[in-house]
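Novice: next one to model:
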Amino acid sequence: MNNGRTKGEIEGAIRTAIIKFEQEFMGRGPDDVKAFIVRDLVVARLKGVLTPAERQLAKTAEGVDMVKRLRQNLIAQGRDKLCEQVSEITGAKTIALFTDIDVQLSERVFVFTVDRDIQNESR
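Specialist: Residues are numbered from 1 along each chain as shown. Next up is the predicted model:
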């Protein structure tokens, strides 16, 4: 269970965990993170995720592909840790993590699927 926390408290804890993850894995945190619980999904939207070097690279089509591949590889290495944190925070087992990045917008989304409806469990 989520220890009787409100939906907002759980979303805030997820937001904090994602910022910390981004700082550790990417070397800097995003400018803004919003997390939302929707039934058995946890959705996070990160804005301002690119480093200055990645922004430079993203000026060419080849660079955009390089940045996307780099980010996908880094997430592959850290996904177990991130899923574990979401499970600890929500009290639900994380089943899958889907992610994509829009290099032009410097935005990334994470969608976690969990094993039950946590939206209706929280106060």
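Novice: contacts and neighbour counts: CA atoms only from here.
Specialist: OK.
Novice: surely residue 89 forms part of a helix?
Specialist: Yes: read with DSSP: H, G, I helix; E, B strand; the rest coil, residue 89 is one of the residues of a helix.
Novice: per-residue pLDDT, it?
Specialist: Turning to residue 89, the model gives it a pLDDT of 97.
Novice: wait, it sits on residue 16?
Specialist: No: the pair residue 89 / residue 16 is not scored as a contact, 10.6 Å apart, by Cα atoms under 8 Å.
Novice: so for those two, which residue has more residues nearby?
Specialist: Between residue 89 and residue 16, counting by other Cα atoms under 10 Å, residue 89 is the more crowded of the two (20 against 15).
Novice: for the more buried one, give its distance to residue 24.
Specialist: 19 Å (Cα to Cα, to the nearest Å).
Novice: residue 114 too?
Specialist: Separation of residue 114 from residue 24 (Cα to Cα) stands at 24 Å.
Novice: could you check which of the two has the larger neighbour count?
Specialist: Shown here are residue 114 and residue 24; by other Cα under 10 Å, residue 114 has more neighbours (22 against 12).
Novice: please name the nearest non-neighbouring residue to the more buried one.
Specialist: Nearest non-adjacent residue to residue 114, counting by Cα to Cα, 6 or more residues apart in numbering: residue 94, 4.3 Å away.
Novice: which residue ranges form the strands in the chain?
Specialist: For the chain, the strands defined by DSSP state E occupy 32-38, 41-47, 94-102, 107-114.
Novice: now render those as JSON lines, adding mean pLDDT.
Specialist: Below are the strands of the chain laid out as JSON lines (pLDDT from 0 to 100):
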{"stretch": "strand 32-38", "mean pLDDT": "97"}
{"stretch": "strand 41-47", "mean pLDDT": "98"}
{"stretch": "strand 94-102", "mean pLDDT": "96"}
{"stretch": "strand 107-114", "mean pLDDT": "97"}
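Novice: which pLDDT value belongs to residue 2?
Specialist: Residue 2 is assigned a predicted lDDT (pLDDT) of 58.
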